[in-house]
Structure formats: structure tokens, C-alpha cells
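Novice: Starting from these lines, generate the structure:
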Amino acid sequence: MNEANRPITSADIRAATERVRPHVVRTSLTVSAPMSERTRATVLIKAEHQQVTGSFKLRGALNKVLTLEPEERAAGIVTASSGNHGIATATAAAIDGTPCTVYLPSIASPTKVAAITKAGARVVTVDSTDTYEAEKHARAAAVASGATYVSPYNDLGVVAGQGSVGVEITQQMADTGRGPLDAVVVAVGGGGLISGVATWIKAHSPTTVVIGASPTNDQAMAASVAAGEITAPPAAETFSDGTSGAVEPGAITFDLCRRLVDDWILVDEPDIARAVANMVDDHHQLVEGSAGVALAAAESWATDHPGQSVATITCGSNVTSSALLAMLGAAQLS
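Specialist: So this is what the prediction gives:
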């Protein structure tokens, strides 16, 4: 079986967890007292916004880079990203001493662009607001140069690395003696994080419900799962730039999401903004819009399921001051 098409396993995720462990933070999983009080459920936050590079993405990119053969590393890597995956891949390449080029859509956050450049990667900006267009340019460049393309989500090694978040969640729940979670809520763009986490959770905590969360304005994976095939629904601007963009045809994450995600929640822009503002007020911590999607969806699910234990992953904190101000302003108006 082709490596790219074989099923991902718990063994893949366990090996990835050990591989990346020396380079990533075992982020906290803590009860949010304010969210729990509002919802009458037990809401826990897995604080990946405090991860190295400011998002969970380092886990997947690093696992991929560390599994490359020496000749592949010498030829370099190419990727595409709205920002966080680019930062992660550039950082992983720097750890491993591998040349790296990152293709970005024109809407990429200046803060994220600066972080990619600081990590030592070459940046190429594509004249499009769609991350998928940047992905197509990056893949073509990789083929032309002989470099390895590191997908933000459509790669077994990347998905396995993201699955290490799920490993930590089950370990941390066991460490505290709380027992299995009733639900885990994950923000979804291309589906790499939820595919890895759900693969592990379904194998090790089968009673836990896995919920995908996407902005109503840009819901490519949720719409694809609903349609039964990868589709590209109309998209509008969203505070959740980290989940924006179409799903690549043939993405391995589509089948994983269709098989492993139990339910989907779509989040409107005012609710994303309110969740980000609540994170500031409740915990005095900054998160980006994609984390706001997960927080808002978790609060919605928990409100509808009082008494349950619900964990959500705050996937990133790479937010500009202007984006933060816009979200705080929208939260005040909602």
C-alpha cells in the first residue's frame, strides 16, 4: 500500500509523540472555572496557544521533518500556509538544519510572516487570498526543485504529529483521575489536528464524542463532509484565518473527518469575537480567532450538555494587535 494512502494508526501517533517530545511543550489541560460556571458543565482547555511557535502546528511539521531521509533533507522542504503551519515548518527546518521555503496567501498575518522569516525560511507571497492557491504554487515549486512538500494537513506524518495533542489529553485526564471526557471540541481547517486527535481518542477513549468546529464564513471541511465529497463552498472573510481556505482534492483528512468526527458546530463571527474576548477576561490570555472558534463551539456544546466534561483545544495565539482590536470591538457590539 502507498504510504500516503495507508490508514493512520495509534502506533504512528505514539511514535510521533516520542519523536517530537524533546522539542515541544506538554501544554496544560485545566478546568476553566468561568466557562464551567456559565455552562453548568466541566469545560477544560488544552492550552496549545502556549505551544512553541504559538500553535499546535509545530508537532506535525516537526514529526514530518524528523522522518525525512538525509537526501530529502538536503534537497530542502517547501510548504504553504496562512501562517501558523509556516512558522512551525520553518522552525522545524531550523531545528533539523533543513532549507525551507514557505508560500503564503496575500492575507497572511504580518506577525506570522515576520515569525517565518525570523526562523530562517524564505517567504514567497502568492497573489490570492485563498491558502489553497498558495498550496498549489508550493506543490509545483517542490516538484520543480526536487524538494519535499510538507502539507499543512494532507500528510500522514503531519497528522500523526498533531495526534500527540490527543495523547497528552488522555494522559492528563488519567493523571488527574477524572476519567474519560464526554466530548472534545476541535477547530477545523484542513483537518490535520482533528484527524490526529480523533484517531487517538477513538482508540483510547471510545465513549468520547469528537466535535468539529468551523467558522460559518469559511467551512470547507464541514461542508465537504456534509456533501459526502470534497467541495469548495463560497467563503467570506473570517476572524479565524488559521482555519481558512479550501480542502485539497484527495486530502487524507477528508475520510478521517467523515469517519471519526461525530458532530459539527458552525460558529458565527460575533461568537468567535466574544470567545476571544472572554479568554482575555476569564483567563487574561490572548488567543487567535481559530482558538475562538473552538472555545465558542465548546461553550455551545457544554451549554446544551450540562454535567458533561468537555475539552477544547486553544490552537494558537498568533494574533496581531489590529485583529485583536477588531475582535474585541465586535465582541462589545454583539
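Novice: Centroid-nearest residue for this protein?
Specialist: Nearest to the geometric centre of the chain sits residue 193, at 4.7 Å (C-alpha atoms, centre = their mean).
Novice: from what I can see that one touches residue 56, true?
Specialist: Yes - the pair residue 193 / residue 56 is scored as a contact, 6.0 Å apart, by C-beta atoms under 8 Å. Heads up, the C-betas are built off the backbone N, CA and C, glycines and all.
Novice: re the thing from before, how about the residue nearest to the centre of the chain, nearest residue that isn't a chain neighbour?
Specialist: Closest residue in space to residue 193, ignoring its immediate chain neighbours: residue 162 at 4.6 Å, by C-beta to C-beta, 6 or more residues apart in numbering.
Novice: wait, isn't the one you found in contact with residue 58?
Specialist: No - counting by C-beta under 8 Å, residue 162 does not reach residue 58; the two are 9.9 Å apart.
Novice: that older thread, is it fair to say the residue nearest to the centre of the chain lies in a strand?
Specialist: No - under DSSP: H, G, I helix; E, B strand; the rest coil, residue 193 falls outside any strand and is assigned helix.
Novice: How are the strands of this structure distributed by residue range?
Specialist: 29-31, 42-46, 77-80, 100-105, 122-126, 148-150, 183-187, 209-215, 263-267, 309-313 (DSSP state E).
Novice: mind checking which of these is nearest residue 8?
Specialist: Each of the strands of the chain has some distance to residue 8 by C-beta to C-beta; the shortest is strand 209-215, at 14.7 Å.
Novice: I'd like to know which elements the worst-scoring helix or strand of the chain on mean pLDDT is packed against.
Specialist: In the chain, the helix or strand scored least confidently by mean pLDDT, DSSP states H and E is helix 110-118, which has a mean of 87. On a contact count with 3 or more C-beta pairs under 8 Å, 6 or more residues apart in numbering; DSSP states H and E, helix 110-118 meets helix 84-96, strand 100-105, strand 122-126.
Novice: one more time with 6 Å, if that's ok
Specialist: Other helices and strands packing on helix 110-118, by 3 or more C-beta pairs under 6 Å, 6 or more residues apart in numbering; DSSP states H and E, are helix 84-96.
Novice: Tell me the buried residues in the helix it packs on?
Specialist: Of the residues in helix 84-96, 84, 85, 86, 87, 88, 89, 90, 91, 92, 93, 95 count as buried by neighbour count, 16 or more other C-beta atoms under 10 Å.
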